[in-house]
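**Student:** Quick one, structure for this:
(one chain, ligands or ions: 2)
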Amino acid sequence: MKNTTSDIKHAASLLKSGELVAFPTETVYGLGGNALSDDAVAEIYAVKERPQFNPLIVHVRSIEDANHHAHCNTTARMLAHHFWPGPLTLVLLRRPECELSYLVSAGMDTVAVRVPAHPMAQALLHEAGIPIAAPSANRSGRISPTEASHVQEELGGRLAMILDGGPCHVGIESTVVDVTGETPIILRPGSISAKQIGDVLHCKIPLLPNLSSSSMRSPGQLASHYAPSHPVRLNATHAAADEALLAFGEHVPTGAAYTLNISKHGNLQEAAANLFRMLRALDTKDVRCIAVMPIPEDADTHALGIAINDRLKRAATPDTI
Ligand code: AMP
Ligand code: MG
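**Tutor:** Ligands and ions are numbered 1, 2, ... in the order given. Purely as a prediction, here's the structure:
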């Protein structure tokens, strides 16, 4: 059941006293803690079992808040004015007097900041009046949660509270852009495409940076991520009787033990919103592997496909750590 204003007030007071609260955003559910408190941020890492070198996104109310903690240069301001509140994260240089816990930056001199659009996330930020560090509310490396029940299943016992705002509309994580250098770099593709960003800045943004430099600059971009417990087979054009099939579009091969279709009409927005929920559902089945049909990606016409395929490739990469 969705939470009410008094629940949000309670969640805000828990956050202020250093507890962790999961809350909905338009992308996925976040695992929130007071970004000013080393203890609270350390607890986020502990609950997620996240490697310390993977920095966290700090959620704030406004551009002014972001600028209070970090340098919002012209590029950052143009993007923030256009896309905030919304699914865009900006990597900025910390100000020398920045009071955010260094743990959110994982020891770097940068900090990733976002103003979320979800009304419950906004209400929580306003009520708490503190910056909220919030990675996705799943155990490190696993599938991101897009419903409150996913958080409950995975982390329920370890959180002070889970705010329920229903299913997330976007369904995949924010686009992360590093704007600290001369040219903006997309560190993580998301629903806001390179073309949309380039249109606002009147320049061409390289679609995907070469992987090694992007993974160095965004330590969270591990090759294996978003991983179900079953192996994942990509670009499946047929399905075996001992496989679960994650389908896309009208023409679906028959023969799989279970099939879920992320968008029967081939709509990428619907596919993104359904992706993690359906991957989770198929992962509970007793099958040999999860086969995934091809998802179209094209910078101009199918930009969201790039973000979806990014997540699927990581889901298919065996965990070698
Ligand atoms: P998540 O916490 O799951 O939403 O993921 C956050 C993403 O943002 C990860 O890919 C991080 O590596 C990336 N990120 C967060 N902070 C920084 C930063 N200061 N510099 C570069 N990437 C960052
Ligand atoms: Mg995550």
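**Student:** can I assume Leu103 is in contact with Asp38?
**Tutor:** Yes - applying CB atoms under 8 Å as the test, Leu103 and Asp38 come out as touching, 5.9 Å apart. To be clear about C-beta, it is placed using only N, CA and C from the backbone, and glycine gets the same treatment.
**Student:** So which of these two has more stuff around it?
**Tutor:** Between Leu103 and Asp38, counting by other CB atoms under 10 Å, Leu103 is the more crowded of the two (21 against 12).
**Student:** which ones are touching that one?
**Tutor:** Asp38, Val41, Ala42, Tyr45, Gln52, Leu56 (CB atoms under 8 Å, 6 or more residues apart in numbering).
**Student:** low-confidence ranges in the stretch 51-200 of the chain?
**Tutor:** By pLDDT under 70, the stretch 51-200 of the chain contains no weakly predicted segment.
**Student:** Write out the residues of it neighbouring ligand 1.
**Tutor:** Residues of the stretch 51-200 of the chain that fall close to ligand 1, judged by CB under 6 Å from any ligand atom: 54-57, 91, 105, 108, 110-112, 135-136, 173, 176, 187-188.
**Student:** Give me the number of neighbouring residues for Ser62.
**Tutor:** Ser62: 14 surrounding residues under other CB under 10 Å.
**Student:** Also the one 4 residues further on?
**Tutor:** Applying the criterion other CB under 10 Å, we find 25 residues in the vicinity of Ala66.
**Student:** can you check the one 10 residues further on too?
**Tutor:** By the criterion of other CB under 10 Å, Ala76 has 23 neighbours.
**Student:** Check the gap between it and Leu93 for me.
**Tutor:** Here the distance between Ala76 and Leu93 works out to 10 Å (CB to CB, to the nearest Å).
**Student:** Next: Val113.
**Tutor:** Applying CB to CB to Val113 and Leu93 gives a distance of 11 Å.
**Student:** ok so, going back, mind checking which of the contacts of Leu103 are buried?
**Tutor:** For these, a burial check counting by 16 or more other CB atoms under 10 Å picks out Val41, Tyr45, Leu56.
**Student:** Identify the spatial nearest neighbour of the second one, chain neighbours not counted.
**Tutor:** It refers to Tyr45. Once flanking residues are discounted, Tyr45 sits nearest to Gln52: 6.1 Å by CB to CB, 6 or more residues apart in numbering.
**Student:** ok, now which ones touch the one you found?
**Tutor:** Neighbours of Gln52 in contact, by CB under 8 Å, 6+ apart: Tyr45, Leu103, Ala106.
**Student:** Inside helices: which ones of the residues you listed?
**Tutor:** With DSSP state H as the criterion, helices contain Tyr45 from among those.
**Student:** circling back to that earlier point, considering the contacts of Leu103, which is situated nearest to ligand 1?
**Tutor:** Distance ranking of these against ligand 1, using CB to the nearest ligand atom, places Leu56 first at 5.2 Å.
**Student:** you'd agree that closest one is up against Ser136?
**Tutor:** No - contact criterion CB under 8 Å: Leu56 and Ser136 do not qualify, at 10.0 Å.
**Student:** Overlap in contacts, the two.
**Tutor:** With CB under 8 Å, 6+ apart, Leu56 and Ser136 have no common neighbours.
**Student:** Only C-alpha atoms, please: export the helix or strand harbouring Ile290 in PDB.
**Tutor:** Following DSSP states H and E, one finds Ile290 within strand 289-292. Output of strand 289-292 as PDB, limited to C-alpha atoms (Å, rounded to 0.1, in the frame of the first residue of the first chain):
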ATOM      1  CA  CYS A 289      19.100 -20.100 -17.800                       C
ATOM      2  CA  ILE A 290      17.200 -17.000 -18.800                       C
ATOM      3  CA  ALA A 291      17.200 -16.300 -22.500                       C
ATOM      4  CA  VAL A 292      16.700 -12.700 -23.600                       C
END
